[in-house]
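J.: Okay, predicted coordinates and the sequence, questions at the end:
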Amino acid sequence: MASKDQTPQQKNDWLYTVTPNLTAGLVLGILNIATALSIAALIFSGPLSSELSAGVGIFLISTLFSAIALPLFSEYKANIGGPRSAQAPIFAAMSASIFAAMSGADVKTIGVTVMITILVSTLATGALMYGVGRAKLGGLVRYIPYPVMGGFFAGLAYLLAVGGLNVGLGGHSEETLLDYVTSIETLTLLLPVIIIGLLLYVLDKKLQHWSVVPLTMLIAGGIFYAVLFLTDTTMSEAASQHWLPPTPSADAAFFPPIVPSDFALVDWTTIAQQAGAISALVFLSIIMLLLDVSGIEVVLNRDLDPNKELVAAGKTNVIGGLVGSPLTFQSVSDVLVAHKLGGTKYMMVATYILTVFTAIAVGPSLITWIPNFVLGSVLFFSGFSLLITWVWHLRKKVPLGDYLVVLVILAVIINFGILEGIVVGVVMAIFLFVHQYSRLSIVKSQLKAEEFSNPVDRHPQEQAFLDNQKGVCEIFILQGFLFFGSASRFVDDVRNTFKLPGRENFRYVLIDFRAVDALDTSAANSFSKLAQLCTNANITLLITGSSYKITRQLQNLEDFKKAGDLVAFFDDINSGVEWMDDRRLASFGREDDNEKTDLVSITASILRDEPTAKLILNSGEIVELKARNTLFEQREEGDALYFLLKGALNISIDLGDGDSLSVRTMRAGAVVGEMALFTGAERSATALAKEDCTLCRLSVQNYEKLKKEHPNEAGIFHTYIIQLMADRLGRANREIVALSR
């Protein structure tokens, strides 16, 4: 009550806080009481209808317990949860299976076994929810293919809608759905269920208001009792005609639904036989919870940790299963209703708890007044709504192939059952994954040898020879995880490459595994087939950048062993290309002949001008560098360029922490460190002799002197440097174009 000292504004603030929270708590209580009644009516129908009071009791207890426990464990303290109608078909299937397995047993014994099975399912679901949440695996739901998930929910929707029809029949059962339609008696009972269910669907779509369901139920019930009054029909007569539930016994009560002595009646063997159905329930419940958490985030416009919500639901259900409360967890629909009504406080939760507690206190007399077709229509409406969402609307949202998957799973659930649907769904999920993943190309880039930015700077004549040989090698840069589908497709693509026109010079296939995470045994066997194809075609297969594990996998294959020298492994792609180019150059003879080993001839072959070569040698100084010695270090002052006349240099970049990256190899005929003459910048890399080297060093001072005293020769030298840089840029551009294909 507001204090007398409060201002009018404070009183209004109090009123605006209390009113929406009281309203939200009362509305949600009424809605979830109706849900509990309809779920129990579906599970404990027909031959088990005498146990309906106890069944309603455990689901009302679940509604009450979740109202207390969920806000304590959840991140969102105004979280409302309760029994979910989507689980009702699975519970109903368990109930029917148990009744069939225990045929001839006392109905009380069967009813208790059904209730204990529901609690065992709750414990199993809660334990796995808690475990998945603690292991932070909540994100795994994203890996379930959407059409497979759609098939599951479409199947549950169908079972829920059919369950609503069964509740409307009030225990009157026929052999097939056709029998329902052709029997006048059953058709009379079904029509109100279907009509009211469809009316609820239309009104809910048009009005989108929380009051649609309770008001429609109230009006339908009022019309029903008006008809009873006008036709002078008693409630007992209506119950005998399956319009009302059977009258509970005088000692029936909602609480306690199970007493300790009932455990002596339980058939534990029959419960164990429900392991498959329980597994399906656990699987689908976790999916539903994670989807609802995502929906709650949208409604509240705030982030919730799905793993924490899994833990919260897990704790609630483990404790609930031990105290007699069936499966329950967070519901986006309940949070949406509360949010629309402005309920966000503990006051709403307290009102909700009081409303549900009142229903339990009233006792079984409550259900005797609710017509079967009213409860059945709520279930039918829920199932029909989900069917429209997951079957009718989905047809425009997904490709035809994915939509057919939904229909297949739905058909299996309709004809064989939910467990069989789960199995088919899992198999189809695997098939979809394999099919979709195999359609993704594992080839990150494909280019020819002449398009690859050569990692070796060579004598201009040697480089020209390599550039003029077209179609000698095809380079494939692979990525990701390689499995049998994608690897087999890749091998087929390589085989087709062999058959392309203009492949007279084709001698090498280079496959880079640098970006490959792993490959399975079947994928390795596909590469074995590739080794065989290359061997038969006398083509050398180069494997570069593969991890130790992948290298061992491939080297142990019989076809790789048989290939001999036609298969070679390298640490990186640059080493593989360098080795291949060396083999291609083995028969190449330069115009300067091997006999001309004097420095003037070598320099002249580089600059294409002997007078300039003599002048450069006279202006510079000859440097002899032993193998493994450093020519210059990264970040040193750039004070000279070098003509590499003999030997080879390795160019590497310091990455810090003692690590370095080898980026190029310089061979005889290359120019090293030329940027120093033009920018004066510090060295961008380190040059280390791979073997004994002879170099001509041209310092900045001597270069400036050369320009002043011999401008013509300096111009020839400039032309060569510009051509050299243009060639390097051209090769880099060709590689960029190839990589962008």
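T.: Arrived safely, thanks for sending.

J.: ok, which stretches of the stretch 301-450 of the chain are helices?
T.: Along the stretch 301-450 of the chain, the stretches classed as helices by DSSP state H, counting those that start in this stretch are 306-323, 332-341, 346-362, 372-387, 400-415, 418-439.

J.: low-scoring stretches of the stretch 601-741 of the chain, by residue?
T.: 730-741 (pLDDT under 70).

J.: Helices of that one, start to end?
T.: 610-619, 675-679, 700-709, 711-739.

J.: What lies in contact with stretch 92-106?
T.: By Cβ atoms under 8 Å, 6 or more residues apart in numbering, the residues outside stretch 92-106 that reach it are 42-45, 47-48, 109-110, 113-114, 117-118, 121, 159, 163, 265, 267, 270-271, 273-274, 277-278, 417-418. C-beta: built from backbone N, CA, C; applies to glycine.

J.: What is the neighbour count of residue 429?
T.: 19 (other Cβ atoms under 10 Å).

J.: if we can go back for a sec, filter the contacts of stretch 92-106 to the buried ones?
T.: 42-45, 47-48, 110, 113-114, 117-118, 121, 159, 163, 265, 267, 270-271, 274, 277-278, 417-418 (16 or more other Cβ atoms under 10 Å).

J.: give the contact list for the closest residue to residue 73 other than its chain neighbours.
T.: Closest residue in space to residue 73, ignoring its immediate chain neighbours: residue 312 at 3.6 Å, by Cβ to Cβ, 6 or more residues apart in numbering. The neighbourhood of residue 312, defined by Cβ under 8 Å, 6+ apart, consists of 70, 73, 74, 75, 79, 133, 330.

J.: The residues you listed in strands, which ones?
T.: residue 330 (DSSP state E).

J.: In CSV, list the contacts of residue 312 along with distance to residue 586, neighbour count and pLDDT.
T.: CSV is the format used below for those (distance: Cβ to Cβ, whole Å; neighbours: other Cβ atoms under 10 Å; pLDDT from 0 to 100):
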residue, distance to residue 586, neighbour count, pLDDT
70, 76, 27, 89
73, 74, 17, 92
74, 73, 24, 90
75, 70, 14, 88
79, 75, 26, 82
133, 64, 23, 93
330, 72, 28, 87
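
J.: among the contacts of residue 312, which two are most distant?
T.: Within the contacts of residue 312, two members stand farthest from each other by Cβ to Cβ: 79 and 133, at 14.9 Å.

J.: Tell me, how many residues neighbour residue 224?
T.: 18.

J.: ok, it to residue 687 distance?
T.: Per Cβ to Cβ, to the nearest Å, residue 224 is found 96 Å from residue 687.

J.: ok, now residue 645?
T.: 15 Å.

J.: who's more crowded, those two?
T.: Neighbour comparison, residue 645 and residue 687: the larger count goes to residue 687, with 25 against 22 (by other Cβ under 10 Å).

J.: for the more buried one, what are its contacts?
T.: Per Cβ under 8 Å, 6+ apart, neighbours of residue 687: 630, 631, 632, 649, 650, 651, 666, 672, 673.

J.: okay but the second one is in contact with residue 688, surely?
T.: Yes - taking Cβ atoms under 8 Å as the contact criterion, residue 631 and residue 688 are neighbours in contact, 7.1 Å apart.

J.: what is in contact with these two at once?
T.: residue 649.

J.: More neighbours: these two, which one.
T.: residue 631 (23 against 19).

J.: List the contacts of the more buried one.
T.: 623, 625, 642, 649, 672, 687, 688, 689, 693, 695.

J.: neighbour-wise, which of those leads?
T.: Among the contacts of residue 631, residue 695 has more neighbours than the rest - 27 neighbours, counting by other Cβ under 10 Å.

J.: From residue 302, how far off is it?
T.: Taken as Cβ to Cβ, the span from residue 695 to residue 302 is 67 Å.

J.: Ok, residue 696 next?
T.: 71 Å.

J.: rewinding a little: out of the helices of the stretch 601-741 of the chain, deepest packed?
T.: helix 610-619 (a mean of 19; mean count of other Cβ atoms under 10 Å).

J.: picking up where we left off before, can you redo the helices of the stretch 301-450 of the chain as TSV, where the extra columns are mean pLDDT and distance to residue 183?
T.: Below are these laid out as TSV (pLDDT from 0 to 100; distance: least, Cβ to Cβ, whole Å):
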stretch	mean pLDDT	distance to residue 183
helix 306-323	94	40
helix 332-341	75	35
helix 346-362	87	35
helix 372-387	87	16
helix 400-415	89	21
helix 418-439	76	27
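
J.: Dump those helices into TSV; add distance to residue 203 as well.
T.: As requested, the helices of the stretch 301-450 of the chain are exported to TSV (distance: least, Cβ to Cβ, whole Å):
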stretch	distance to residue 203
helix 306-323	31
helix 332-341	15
helix 346-362	23
helix 372-387	10
helix 400-415	26
helix 418-439	30
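
J.: looking at those, which is buried most?
T.: Buried most deeply of the helices of the stretch 301-450 of the chain, by mean count of other Cβ under 10 Å, is helix 372-387, with a mean of 26.

J.: Does anything pack onto that helix? Which helices or strands?
T.: Counting contacts by 3 or more Cβ pairs under 8 Å, 6 or more residues apart in numbering; DSSP states H and E, helix 372-387 packs against helix 8-43, helix 146-169, helix 184-207, helix 212-230.

J.: Alright, calling it a day.
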